[in-house]
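K.L.:
compute the structure for the input listed below.
(chains A and B)
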Amino acid sequence: GKRAIRTTEVVRTERYPVEEATKTRAMADNTCQSEYCNAGWGEVLTHMSPYGYANFGIAFGLGLSVVGAAWGIWLTGSSLVGAAVKAPRIRSKNLISVIFCEATAIYGVIMAIILANKVKKPDEATYYLDNNWDWSGYYYAGYGMFSAGLSVGLTNIASGVSVGIAGSSCAIGDAQDASLFVKILIVEIFASALGIFGIIVGIIQSNSCQFPIAPLE
Amino acid sequence: MATPAPESTPGGMATFNILHGFPEALVRGMRSSFLADSDYHHLTQCETLDDFRLNLSETDYSAGVQDKSSLTPTSLQSAAVDKLVTEFQYLRTQAIEPLSTFLDLITYEYMIENVMLLLKGSLSGRDINELIAQCHPLGMFKESTMRSIPTFESNSKGYSDLYQTVLVDTPVGPYFSQFLQESSDRFGDSRNVLEEVEIEIIKSSLIKYWIEDFAQFVDKLGGETKAIMGDLLKVRADTNAINITLNSFGTPLNEPAMRASDRKRLYPAVGHLYPAGTSMLADVADEDELGRVLELFPQYSSIWNIHQSGSGDKSIDDAFYERDVQQLELAFEGQMHFAVFYAYVKLKEQEIRNLVWISECILQQQKDEINKFVPVFSQHSPWRAKKAGAGR
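P.N.:
Next comes the predicted model:
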């Protein structure tokens, strides 16, 4: 209620000079003129809580990675089961394709756990945040974790689908000619490397993200 | 057209496997059950049919030939066709739309053959059980429908009744209705059509409608299926057109009056030869003119030259079979499309033809003819021999 709005008021007066704020309000004719309303998309995005951003990042990171992994397992599993009817010898070897797909889901879980451990609530329960709150660290943490989650999630969708299609062709080719398996496996290794890129960049992005738990001294 | 448009497409690389991955992988696994060069080598070396059976029992056909006391070419053919039908029905039960409609369309060709066999047979008064035993198992429809075909009288009223009550229920009914519609404006009434038109012409017309229907369905599926299967159907249509023209020489169909009206109607409206080639083919009177027309189409001129030059060694049918096998093998090269199912059925048929040919040659002790078959997925195929030096 009123307490939250007072927080944003503090932000607004510290971040924008007063003239700027009145100018933006005057420019928007048919928008809400109250000082409690957002004056534009910039304000909408910056007024979303960094905790919200961070947790959405965790959700996207995990969710999209699992979508990619599941998609890949769909694709490769159906071909594996079908081809194994006439060529049962391919059963155990080609489970490696499924494991590669599963690895992309694991990258998502790793990232989600790392990020979830960084989300900390403040030491003292206050009605509104102090003036010497570490605002830059606060927002940095929120945005950083959101983008780390997206990095991991989106790259893992691509990686999962790619490994799935390659794995499907691998199973079918292996059923005809056993010497093809190892060579096509190299294609899958390159495809799963895409997921590794995602998690490396995600870790770098989220490394220095720290949610402040106490005001600066 | 007869078959309704597909409700969904097969999907591209990323979505095909969700619904159709399992049947497609099954068919590709079955590719390994084709007889290899070494198998054919052993089979052609056999002196008796018992040797033949012994060698066959080491291939995928072992289950089919085991429980037979002695092997004849006819029993071999029926055992091999039964095996193909079992595999096809396994695929059909695992299929989901639109693959199931696609597989059904493959069977309609055999259904047309069966219907015409029953019609022709009942006209000459043969026993219905004998006829049903001769039907191709891939194209069976309801037993009650099949048994009711000979019960109709062979006059005009009987035929229209036959159509209206019996044939319209079968999946190939729409092709009949199309045929009757297009002929009724010439003969005035559907009753007279089935009487006056020869059975062979009815069959050619039905096959024509089937090819067009299939081509339209495949067109709507889009993607790689449309590209590969569309090409296979075009080649099929052209083969039909050329064969109709070739077989009409010396029959009443070749008379100038009949050519434009009757023979032209039998050419399918798909294919590389359509529309320019077929309109030229409609005027052709003898083999020379046919050769001249085909020279304009490079892919058929080479086949025609085989027919013209070596009429003792290889017939035009053999040349067509070779070309067909080459194209059908190519359908197995790409993944995630439906054409592999059609290619599998046709290549298995070719293999059955090969087996029957070899067994007949052994039976009649004609060893010099024994190698005149077209092996499937052979390393020694003429189109593969060119790359022999590249190191396989």
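K.L.:
what residues does B:Pro73 make contact with?
P.N.:
B:Val356, B:Ser359, B:Glu360, B:Leu363 (CB atoms under 8 Å, 6 or more residues apart in numbering or on different chains). (Each C-beta comes from the backbone N, C-alpha and C, glycine too.)
K.L.:
pull out the buried members of the residues you listed.
P.N.:
Buried subset of the contacts of B:Pro73 (neighbour count, 16 or more other CB atoms under 10 Å in any protein chain shown): B:Val356, B:Ser359, B:Glu360.
K.L.:
wait, what's in contact with the last one?
P.N.:
By that I understand B:Glu360. By CB under 8 Å, 6+ apart, the contact set of B:Glu360 is B:Pro73.
K.L.:
point me to the residue of chain A nearest chain B.
P.N.:
Here the residue of chain A nearest chain B is A:Gly82; by CB to the nearest CB that distance is 2.6 Å.
K.L.:
my read: that residue touches B:Met30, true?
P.N.:
No: at 9.9 Å, A:Gly82 does not count as touching B:Met30 under the criterion of CB atoms under 8 Å.
K.L.:
so between those two, which is more surrounded?
P.N.:
A:Gly82 (27 against 24; other CB atoms under 10 Å in any protein chain shown).
K.L.:
please name the nearest non-neighbouring residue to the more buried one.
P.N.:
B:Ala25 (2.6 Å; CB to CB, 6 or more residues apart in numbering or on different chains).
K.L.:
now the host helix or strand of the one you found - C-alpha only, PDB.
P.N.:
Using DSSP states H and E, B:Ala25 sits in helix B:16-30. The C-alpha coordinates for helix B:16-30 follow below in PDB (Å, rounded to 0.1, in the frame of the first residue of the first chain):
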ATOM      1  CA  PHE B  16       8.000 -34.900 -37.200                       C
ATOM      2  CA  ASN B  17       9.200 -37.400 -34.700                       C
ATOM      3  CA  ILE B  18       6.600 -36.500 -32.100                       C
ATOM      4  CA  LEU B  19       3.800 -38.200 -34.000                       C
ATOM      5  CA  HIS B  20       5.500 -40.200 -36.700                       C
ATOM      6  CA  GLY B  21       8.900 -41.000 -35.300                       C
ATOM      7  CA  PHE B  22       8.100 -44.500 -34.300                       C
ATOM      8  CA  PRO B  23       6.600 -45.700 -37.600                       C
ATOM      9  CA  GLU B  24       9.300 -44.100 -39.600                       C
ATOM     10  CA  ALA B  25      12.100 -45.700 -37.500                       C
ATOM     11  CA  LEU B  26      10.300 -49.000 -37.900                       C
ATOM     12  CA  VAL B  27      10.300 -48.700 -41.600                       C
ATOM     13  CA  ARG B  28      14.000 -47.800 -41.600                       C
ATOM     14  CA  GLY B  29      14.800 -50.700 -39.400                       C
ATOM     15  CA  MET B  30      12.900 -52.900 -41.900                       C
END
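K.L.:
C-terminal to that helix, what's the next element?
P.N.:
Helix B:16-30 is succeeded, C-terminally, by helix B:37-44 (DSSP H and E).
K.L.:
quick one: distance of that next one to the chain centre.
P.N.:
From the chain centre to the centre of helix B:37-44 is a distance of 26 Å (CA atoms, centre = their mean, to the nearest Å).
K.L.:
could you export that helix as CSV, CA atoms only?
P.N.:
Coordinates of each C-alpha in helix B:37-44 appear next as CSV, following Å, rounded to 0.1, in the frame of the first residue of the first chain:
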residue,chain,number,x,y,z
ASP,B,37,24.1,-59.0,-52.7
SER,B,38,25.6,-62.0,-51.0
ASP,B,39,22.1,-63.4,-50.4
TYR,B,40,21.2,-63.1,-54.1
HIS,B,41,24.6,-64.6,-55.0
HIS,B,42,23.8,-67.7,-52.8
LEU,B,43,20.3,-68.0,-54.2
THR,B,44,21.3,-67.9,-57.8
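K.L.:
neighbouring contacts of that helix?
P.N.:
For helix B:37-44, the surrounding residues in contact (CB under 8 Å, 6+ apart) are B:35, B:52, B:55-56, B:58-59, B:354-355, B:358, B:370-371, B:373, B:375, B:378-380.
K.L.:
ok, and the most crowded of those?
P.N.:
That'd be B:Leu56 among those, by other CB under 10 Å, with 26 neighbours.
K.L.:
where does pLDDT dip in chain B?
P.N.:
Counting by pLDDT under 70, chain B contains low-confidence ranges at B:1, B:68, B:153-160, B:185-197, B:259-260, B:310-313, B:385-392.
K.L.:
which residues of it lie near chain A?
P.N.:
B:13-14, B:17-18, B:21-26, B:28-33, B:335 (CB under 8 Å from any CB of the partner chain).
K.L.:
okay, now A:Thr126: neighbour count?
P.N.:
A:Thr126 has 12 nearby residues by other CB under 10 Å.
K.L.:
re earlier: residue contacts, the residue nearest to A:Gly82?
P.N.:
Neighbouring residues of B:Ala25 by CB under 8 Å, 6+ apart: A:Ser78, A:Ser79, A:Leu80, A:Val81, A:Gly82, A:Ala83, A:Val85, A:Ser168, A:Ala171, A:Ile172, A:Ala175.
K.L.:
and the pLDDT at the most far-flung residue of chain A relative to its centre?
P.N.:
Centroid-distance maximum for chain A: A:Lys86 at 41.4 Å, with CA atoms, centre = their mean. Looking at A:Lys86, its pLDDT is 86.
K.L.:
contacting residues around the nearest residue to it once chain neighbours are set aside?
P.N.:
Closest residue to A:Lys86 apart from its sequence neighbours, by CB to CB, 6+ apart: B:Gly29 at 3.2 Å. Going by CB under 8 Å, 6+ apart, B:Gly29 touches A:Gly82, A:Ala83, A:Ala84, A:Val85, A:Lys86, A:Ala87, A:Ile172, A:Ala175.
K.L.:
isn't the second one right up against A:Ala175?
P.N.:
Read that as A:Ala83. Yes: counting by CB under 8 Å, A:Ala175 is a contact partner of A:Ala83 at 4.1 Å.
K.L.:
which one of those two is surrounded by more residues?
P.N.:
A:Ala83 (32 against 28).
K.L.:
relative orientation of the helix or strand containing that one and helix B:16-30 in degrees?
P.N.:
Here A:Ala83, judged by DSSP H and E, is contained in helix A:50-86. Using axes from the mean of the first three to the mean of the last three CA atoms, to 10 degrees, the direction of helix A:50-86 lies 20 degrees away from that of helix B:16-30.
K.L.:
helices or strands next to helix A:50-86 in the packing?
P.N.:
Under the contact criterion of 3 or more CB pairs under 8 Å, 6 or more residues apart in numbering or on different chains; DSSP states H and E, helix A:50-86 touches helix A:90-93, helix A:95-118, helix A:135-176, helix A:180-207, helix B:16-30.
K.L.:
and the ones you listed as JSON lines, adding distance to B:Ser301?
P.N.:
Output for the helices and strands packed on helix A:50-86, formatted as JSON lines (distance: least, CB to CB, whole Å):
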{"stretch": "helix A:90-93", "distance to B:Ser301": "44"}
{"stretch": "helix A:95-118", "distance to B:Ser301": "47"}
{"stretch": "helix A:135-176", "distance to B:Ser301": "35"}
{"stretch": "helix A:180-207", "distance to B:Ser301": "38"}
{"stretch": "helix B:16-30", "distance to B:Ser301": "34"}
